[in-house]
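Colleague: Sharing a model that was predicted from the sequence below.
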Amino acid sequence: MIAILEGSLDTAAVPETEAAMSPLLDVAGKDIILDCTNLQYISSGGLRIFLGILKSAQAKGGQVYISGITNDVRAVFAMTGFINIFKFK
């Protein structure tokens, strides 16, 4: 399963993004790739969505990988400690 994220995942975009990505919470036994190649910004709400997907996937025998992360988004992951929680491709 691959989810492609684009633009800014800021507070205003969280509800729509959360709804669009909710099917990923039901994925069982498969890996999920969050393609962040075109993601320019992520807020704490966006990180919360990512964490929810990770917890759900791991509970069901899957893993979440983040690919194509930009330096700006990587800096947010590093500042929050999420860089140590996720796997990157």
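Modeller: Good, I have the coordinates.

Colleague: Report how many residues lie close to the residue found closest to residue 8 once you drop the neighbours it is linked to in the chain.
Modeller: Closest residue to residue 8 apart from its sequence neighbours, by C-beta to C-beta, 6 or more residues apart in numbering: residue 41 at 4.1 Å. Backbone N, C-alpha and C define where each C-beta goes, glycine included. Each residue near residue 41 was counted by other C-beta atoms under 10 Å, and the total is 14.

Colleague: what do you get for the one 5 residues further on?
Modeller: The burial metric for residue 46, expressed as a neighbour count using other C-beta under 10 Å, is 22.

Colleague: residues touching it, list them.
Modeller: 9-10, 13-14, 17 (C-beta atoms under 8 Å, 6 or more residues apart in numbering).

Colleague: now these in TSV, with pLDDT?
Modeller: Converted to TSV, these look like this (pLDDT from 0 to 100):
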residue	pLDDT
9	96
10	95
13	96
14	96
17	96
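
Colleague: So which of the residues you listed belong to strands?
Modeller: Those of the contacts of residue 46 mapping onto strands are residue 9, per DSSP state E.

Colleague: Would you mind measuring from the residue nearest the centre of the chain to residue 32?
Modeller: Nearest to the mean C-alpha position of the chain, by C-alpha atoms, centre = their mean, lies residue 50 at 3.4 Å. For residue 50, the distance to residue 32 equals 10 Å [C-beta to C-beta, to the nearest Å].

Colleague: From the chain's centroid, how far away is the longest helix seen in the chain?
Modeller: For the chain, the helix that runs over the most residues, judged by DSSP state H, is helix 44-59. Remark: helix 44-59 is offset 7 Å from the chain centroid, using C-alpha atoms, centre = their mean, to the nearest Å.

Colleague: now swap in stretch 53-61 and tell me
Modeller: 12 Å.
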